[in-house]
Every structure is written in structure tokens, then in C-alpha cells.
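In: from the sequence below, what's the structure:
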Amino acid sequence: MPNLLAISFEGELAPSFDLRCLRPHGALPDGWGIGYYPGGEPSASVLKEPAPRAGSIRSQLVEAWEHLEASLFVLQIRQATWGAISDANTQPFTRAWGRRDWLFAHAGSLLSRPELDRDATFEPVGSTDTEFIFCELMNRVAECGWTSIGDADLDTLRSWLKSLNELGTLTAVLSDGHDLCLYADREGQIPFHYREVVPPHGDLVFEDDDLVVDLARRGVKSRRGVVAATSPMSVRGNERGEWRRLPPGHLLVVRQGVVRAEATPPGASSAPPAGSWKARRGMARPAKAEVRRYDVRHRTVYRYTRPVDRSMHLFRLTPVHDRLQSVLSHSISVSVDGAWRDYEDVFGNVVRRLLIDSPYSELAIEARSRVELLDTDPLSYRPLRARTTFPLVFMPWHQEVLRPFLLPPELPESQLTELAEYAMSFVDRNDSDLLDTLLDMNHSIFRDYEYVPGATTVQTDAFEVYARRRGVCQDFTNLFICLARLLGVPARYVCGYIRTQRAADARQADASHAWVQVYLPEVGWKGFDPTNGLLTQTEHVRVAVGRHSLDATPTSGVIYVGGGGETLDVSVEVVDAT
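Out: Now for the predicted structure:
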């Protein structure tokens, strides 16, 4: 039986909790309770029951009630060692501080309860050791002036739990509705295990002889999450991931389904997953890059089973020339003669229009360019505090100009609603900070989505990519654009090239590449590459932009007369200029 269970997911989930331990002829616990934060609000709801009877109505409620929906849940099944078997002594416990409810649950038993000051802000209602621990922690939090776990110094918080742990066995969960803290007993007498849930997943059930948690009974959502329990449970429906034991005395922080930080005992061999809590509160920024020059060769060959007699073509193959990227030389050669002219389209792209009136069975287009990349430090601007958090505010005439880049794709309302919830999970995870949200979104698509050439088509939409968690650069770009626009951030599609001499694991390096530019108020368009988890600096050569891929396609055309079966070969080289 998992004496203690905690769940944190991106966005809201409506799991079903089946307390098998309350079935007839089972060994009944002394009590059980579940706490959660409905609607993402800072107010916690707690449903608990001391001395439950077999088949109790309350246990049936948590199994069937569709309104049991939140991104964070804490469940405790009690075996009493302190205090009477009563509602006042049944976990989890809750207290209000910093205009939010805090939840606490504990597995284990202390040999003695901590002594509380007589004038303490928080006092226990019941007589359990758990509530005394909780009140002592909250009193120390109040003394430090912390109004959330995000304000806390994690090493200090861990040291408090360690000092209380010296009074007996202590494995515990603390939450403020936003962050979830997991602490493992310093002696390992009651271990804590956690498992990361990685989409895509269909039916997903955690179970043992006493408890069944069905995360998909009321609908499948392709969300990332973390499930923690004092004893590992078997998993049905998704074999990805494995249970990991939290080392004794360690404190883990989870937010919106992602491990954000870890506080470790002095001298512990295990290190935080990605820097200290203070560092993790802001996503990592890129280091300044060097100015680079590249020679770019883009060759496209069309072949037809029957000759084409007349056709028209559009080429967007001229790199952008502006203050962050300079075109030093450029040429386009075509294997078949025709009448052509260059013009600038409504998005500012240089387009060549070619009309061919002579028959051909093969058409080869080759563009050669030498460019200098100057965007060495894309985040060098000074953040303007009034504009760095959600929601973004634009002047009406700015909104009118940006409207094409603010409209999400035309998808069913139910799909857009789920994508909007998914997008908001990034906002919540990053305290509504604009730049951290975009960096997190960029890194998460790179980390959580599998790059699989051929797994999608040009018709694949953003929701399908989200649900299946796989695709190519165009798919990841479309998903990022959709999420950004649902958050009110203008976003546009960029087509270009990525340096082929970079690390071997760079994705989409031998063909044209796609990424995103978002418009930041009083900053301008900034590039994010979710395929590689990068900000664009001096390895991305911009060629064309638009609302979506059709506006920025490198080559397209219409065959008026002739033609048959078509094959297409594309090759791209981006090498350091000599």
C-alpha cells in the first residue's frame, strides 16, 4: 500500500482513485484523505474520512466524481500511531498563508512531537505528530517572510525537515498549490519513489493491491507528469520511464509535472538535476556567440515522367539582409531558360517569379549565397518589466498589423481548448514570465517530442503533433506557433538553413530548416528553434517568413501544360566561408 501518494501534471487532470483497501473483507485503514487544488486556484479542497467502512460513499466519490480535477493531488492512507482516529487527525492537513492554502502529508512516526512556541502563528487542531510538524514548518516559513515555496531557500527548507527528521521517521509532501516538495526520510526507513510520465500515453493506470489510480478514465490528455509514492506501483498503459528512489534526506521540487530542483545533504554524491533552485527559477540563457560567415548552397531538382511544356515557379531562396544578417553575395541559376523577375512579397521576402515556355523533363534550381550572421546575443536587450509578463498588451494599431500572426490555426474548438490548457501550463510553471515561458516551451518540445522523418505529412496539424509527440522541424514549428498565439504572443514561421558543421545530433541539417520568430514588445522578432532546443544566433540563416509554411516555401509552382509523375531531390550545404 502506498501510504503516501503525490501527483503533479502539466495542466489539469481528472483521475479516478479506487481505494481497493475499502472493499469488503479487506484490512481497513485508520483513515484516508485526498487534497487537491481545483481549477488551478490557490484554494485547496480536502476530502477525508477517519475509520472508513467497507465500500464507503466517500471512497466511491473519489472514484467516480468527474469534478475531482486539478494538476496537483496529495493522497494519504493512514495507519494511526499518534492521536485518536478522528477527522482532526486525518491527513492531509491544510493551512492558509500568503493568500494560498498549503497542504502537508507525512508517512512515518516521530518519537516525540516538536515543541511549538506559545505565541506561534500556526497551532495544531488535532494531536498527531504530523500536524505538529506542519505547524512548525509553517511558523518558520512565516518568520522568513516566504509567501510561497518559490520564495523559499531550498537548502534551508531541507535543513528544517532534517532537524524534524531527527525526532523520528519522516517522509513528507508539502505543497502550496503551485510547487510540490517531496522529502525522503534521512535514514531511508520509509523510502520515496517517483516516476516521470512522458507522453504520448493512452490509458495510464497505477495500481497495487490497495489502490488504483486511473489517470485517463475521464479522457486522455497528452501531458507530462510526475507520480511519487512511498512504494512503487505497477503501471498499465505506458511502459516509458521507471521508478526512481529519492535518496535519503533529499528534497525534490516538482512544478507542473516537471522536476525543477533538488536540495541535497552536504557532501551528497547526487547533484541537483539542473542547477540550484535560484538558477532554475529562470530558464537558461544562451551564451554570446561569435560573428560567423557561411557559404550556402541550396540545390533542388524536379524530374518528370513526361515533359512539361509550360509552367510558372516561385523561388524564395534569397537570404534576408538586415541589421542581424548580411548577404555578401547571392545568385540563382536555373537549368531551363525562362522569363523571370524579382519582387518583394507582403511579408518582405525576396521572391523570384519564373515563367518557362519551353519543354523540359528535368528542372534544376541552385542558389548560392555568402552570408554573415550578426545576431550574436539575442537576449542582450534590457528587459522592460512592464512588458515581461503575461498577458501582453499591444496598442490597437499594433494589433491590427500583427493580426495575421496572432490567429491560431483553424482546429476544432475542443482541440484548441486542450492546446490552450497545455500552453498555460508553461505560463504557470514559469510564474507568468514571458521569456522564461517561451524558453521552457522551446526546450520542452525539443526534449519531449521525437524527431521522426516521414512520420507526418504537410497536412499534419498542431494538435496531432501534440498528441503523438513526434514529427519534423515543420511540425514542431507549427506547434510552437499555435501555443504562442493561444497565449497572445505574435509568432511567425521562418524558413532557412542551419549550419551543417555543428554537432552531429543537430536535427534537419541537410535540407531547408524551419523555426519560429515571436514578436516581443519593444524588442522585435526573436528566433526560437524547438527542433533543436536553441535560440537562433549565428547558426541559423533566415530566408523567408510568413504566417505558416505556405508563405515561406522555398520553391513552388504550377504546371500549365504537360508533366507527369514528379520526383524531387533537395540538398543543402551550409559551411564556414573560407
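In: drop to CA atoms for contacts and neighbour counts, all remaining ones
Out: Noted.
In: ranges for the helices of the stretch 51-200 of the chain?
Out: 57-64, 129-144, 154-165 (DSSP state H, counting those that start in this stretch).
In: most tightly surrounded among those helices?
Out: Highest mean neighbour count of these: helix 129-144, a mean of 20 (counted as mean count of other Cα atoms under 10 Å).
In: same question for that one, mean pLDDT?
Out: Confidence over helix 129-144, taken as the mean pLDDT, stands at 95.
In: which secondary structure elements does that helix contact?
Out: Contact here means 3 or more Cα pairs under 8 Å, 6 or more residues apart in numbering; DSSP states H and E; on that basis helix 129-144 packs against strand 93-97, strand 100-107.
In: quick one: work out the angle between it and helix 154-165.
Out: Helix 129-144 and helix 154-165 are oriented at 150 degrees to each other (axes from the mean of the first three to the mean of the last three Cα atoms, to 10 degrees).
In: can you dump the C-alpha coordinates of helix 129-144 into CSV?
Out: Coordinates of the C-alpha atoms in helix 129-144 are reproduced here as CSV (Å, rounded to 0.1, in the frame of the first residue of the first chain):
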residue,chain,number,x,y,z
ASP,A,129,2.8,14.4,15.2
THR,A,130,2.1,15.2,11.5
GLU,A,131,0.1,18.3,12.3
PHE,A,132,2.8,19.5,14.8
ILE,A,133,5.4,19.1,12.1
PHE,A,134,3.3,21.0,9.6
CYS,A,135,2.6,23.9,12.1
GLU,A,136,6.3,24.1,12.9
LEU,A,137,7.2,24.3,9.2
MET,A,138,4.6,27.0,8.6
ASN,A,139,5.8,29.0,11.5
ARG,A,140,9.3,29.0,10.2
VAL,A,141,8.1,29.9,6.7
ALA,A,142,6.1,32.8,8.2
GLU,A,143,9.1,34.0,10.1
CYS,A,144,11.2,34.1,6.9
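In: any idea which of the helices and strands packed on helix 129-144 is most buried?
Out: Mean neighbour counts were taken over the helices and strands packed on helix 129-144 using mean count of other Cα under 10 Å, and the top value, a mean of 24, falls to strand 100-107.
In: want to throw the helices and strands packed on helix 129-144 into CSV with mean pLDDT and distance to residue 208?
Out: Converted to CSV, those look like this (pLDDT from 0 to 100; distance: least, Cα to Cα, whole Å):
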stretch, mean pLDDT, distance to residue 208
strand 93-97, 96, 25
strand 100-107, 96, 18
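In: possible to save those as CSV with distance to residue 181?
Out: Supplementary listing: the helices and strands packed on helix 129-144 in CSV, determined by distance: least, Cα to Cα, whole Å:
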stretch, distance to residue 181
strand 93-97, 15
strand 100-107, 10
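In: before we move on, back to that, for residue 6, which of the helices of the stretch 51-200 of the chain is the nearest?
Out: Put simply, out of the helices of the stretch 51-200 of the chain the one that sits nearest residue 6 is helix 57-64, at 15.0 Å, with distance taken as Cα to Cα.
In: partners of the longest strand seen in the chain, with directions?
Out: The single longest strand within the chain, with elements called by DSSP state E, is strand 292-315. Pairing partners of strand 292-315, with direction, according to DSSP bridges: strand 350-356 (antiparallel), strand 360-373 (antiparallel), strand 555-562 (antiparallel), strand 566-576 (antiparallel).
In: with mean neighbour count added, can I get those in JSON lines?
Out: Below are those laid out as JSON lines (neighbours: other Cα atoms under 10 Å):
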{"stretch": "strand 350-356", "mean neighbour count": "18"}
{"stretch": "strand 360-373", "mean neighbour count": "19"}
{"stretch": "strand 555-562", "mean neighbour count": "13"}
{"stretch": "strand 566-576", "mean neighbour count": "16"}
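In: and those as a markdown table, adding distance to residue 286 and mean pLDDT?
Out: Listed next are the strands paired with strand 292-315 as a markdown table, based on distance: least, Cα to Cα, whole Å; pLDDT from 0 to 100:
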| stretch | distance to residue 286 | mean pLDDT |
| --- | --- | --- |
| strand 350-356 | 30 | 97 |
| strand 360-373 | 16 | 97 |
| strand 555-562 | 33 | 93 |
| strand 566-576 | 21 | 93 |
